[in-house]
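Peer 1: here's a sequence, model it:
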Amino acid sequence: MDIWIPVIVAVIGLAASLFGAGGIVMWFLNRREKQSEERDKHVMDGLRLLIENDVMILKVLRKNGINGQEIEKQEEKMNAFFRKAFI
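Peer 2: This next block holds a predicted model:
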């Protein structure tokens, strides 16, 4: 019986430190916030790519000509973005 008292006190102390101080709750909230920030960053990268594509289309329409190197470069950026998005 005497040996179980320190074990019970240790378990109660561990539970109180994890739940009482909000240790686990804070860990879950921080993890959720990090995932949210990553998702927001990914959305912003997609919007930036969309704007770059629109600028390129307007430039082509304004000049009435197509620069193949610029289009290939933009296409490679888009492919890299989509590969990263779906992996």
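
Peer 1: would you map the helices across this structure?
Peer 2: For the chain, helices defined by DSSP state H occupy the ranges 4-15, 23-63, 68-85.

Peer 1: the longest one packs against which elements?
Peer 2: The reference is to helix 23-63. Packing contacts for helix 23-63, counted by 3 or more Cβ pairs under 8 Å, 6 or more residues apart in numbering; DSSP states H and E, involve helix 68-85. Glycine gets a C-beta too; all of them are placed from N, C-alpha and C.

Peer 1: can you give me the buried ones in the helix it packs on?
Peer 2: Across helix 68-85, burial judged by 16 or more other Cβ atoms under 10 Å covers Gln74.

Peer 1: re the thing from before, any chance of a markdown table for the helices of the chain, columns mean pLDDT?
Peer 2: Listed next are these as a markdown table, based on pLDDT from 0 to 100:
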| stretch | mean pLDDT |
| --- | --- |
| helix 4-15 | 79 |
| helix 23-63 | 84 |
| helix 68-85 | 84 |
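
Peer 1: distance check, Asn67 against Met78.
Peer 2: 16 Å (Cβ to Cβ, to the nearest Å).

Peer 1: ditto for Pro6
Peer 2: In this view, Pro6 and Met78 are 62 Å apart by Cβ to Cβ.
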